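**Student:** Just need the structure, nothing else, for what follows:
(one chain, ligands or ions: 1)
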Amino acid sequence: MSATEATDRVPVDVAVGVLFDAQGRFLLCSRPEGKVYAGHWEFPGGKLEAGETVEQALRRELIEEIGITIGPAQPWRVHVMDYPHARVRLHFCKVRAWTGGFEMREGQQMAWSRLPVEVAPVLPGTLPVLDWLAEEAAGD
Ligand SMILES: Nc1nc2c([nH]c(=O)n2[C@@H]2O[C@H](COP(=O)(O)OP(=O)(O)OP(=O)(O)O)[C@@H](O)[C@H]2O)c(=O)[nH]1
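**Tutor:** Take a look at the predicted model:
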């Protein structure tokens, strides 16, 4: 296998927040213009910087991108995705508490969502999460 095979690529760690409101809805955001997959819907988050934990990165990214300061981030699932542009290791965390008002600082849109989601298109790396949420809702 050559070094350029997708599975040989070192994954980039990404911290992702699944925020739930008091009604059990979860937050999706559209990816801003200028990024890969612009306009696709995803859970908010971003890449870890050197020396950061997942929770630290998530807290920083959510302040930077959507203007809130999260409370505890509960580690939930880890999922590796291969894209043509990158191999990412997504660390999904559940978040139920935060302070501050939502402010889409990169011009994104936000949508409090339920299953089945009504926004489209959804980022490929976000689709498994919707399946996991559906499984949990079904009591699996
Ligand atoms: N935030 C987020 N990223 C996801 C999800 N699913 C998924 O595959 N990704 C991927 O994880 C990576 C996150 O990178 P990003 O570009 O949003 O993060 P960033 O703000 O730190 O990057 P940048 O500053 O280089 O633009 C992208 O390759 C994105 O496609 C998801 O649900 N949420």
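**Student:** C-alpha only now, for contacts and for neighbours.
**Tutor:** Fine.
**Student:** Any residues of the chain in contact with the ligand? List them.
**Tutor:** Residues of the chain lying close to the ligand by CA under 6 Å from any ligand atom are Val14, Val16, Glu42, Phe43, Pro44, Gly45, Gly46, Lys47, Val88, Gly125, Thr126.
**Student:** Need the pLDDT of the fourth one.
**Tutor:** Read that as Phe43. What the model reports for Phe43 is a pLDDT of 98.
**Student:** Specify the local secondary structure of the nearest residue to it once chain neighbours are set aside.
**Tutor:** Leaving aside its sequence neighbours, Phe43 sits nearest to Leu28 (CA to CA, 6 or more residues apart in numbering; 5.0 Å). Following DSSP: H, G, I helix; E, B strand; the rest coil, the label given to Leu28 is strand.
**Student:** Next: Thr126.
**Tutor:** helix.
**Student:** again, but for the one 3 residues further on
**Tutor:** For Val129, the secondary-structure state derived from three-state DSSP is helix.
**Student:** pLDDT below threshold where in this protein?
**Tutor:** Along the chain, the model assigns pLDDT under 70 to residues 1-7, 140.
**Student:** Adding neighbour count and secondary structure, write the residues of the chain next to the ligand out as JSON lines.
**Tutor:** Shown next, in JSON lines, are the residues of the chain next to the ligand (neighbours: other CA atoms under 10 Å; DSSP: H, G, I helix; E, B strand; the rest coil):
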{"residue": "Val14", "neighbour count": "21", "secondary structure": "strand"}
{"residue": "Val16", "neighbour count": "30", "secondary structure": "strand"}
{"residue": "Glu42", "neighbour count": "25", "secondary structure": "strand"}
{"residue": "Phe43", "neighbour count": "23", "secondary structure": "coil"}
{"residue": "Pro44", "neighbour count": "22", "secondary structure": "coil"}
{"residue": "Gly45", "neighbour count": "26", "secondary structure": "strand"}
{"residue": "Gly46", "neighbour count": "20", "secondary structure": "strand"}
{"residue": "Lys47", "neighbour count": "19", "secondary structure": "strand"}
{"residue": "Val88", "neighbour count": "19", "secondary structure": "strand"}
{"residue": "Gly125", "neighbour count": "19", "secondary structure": "helix"}
{"residue": "Thr126", "neighbour count": "17", "secondary structure": "helix"}
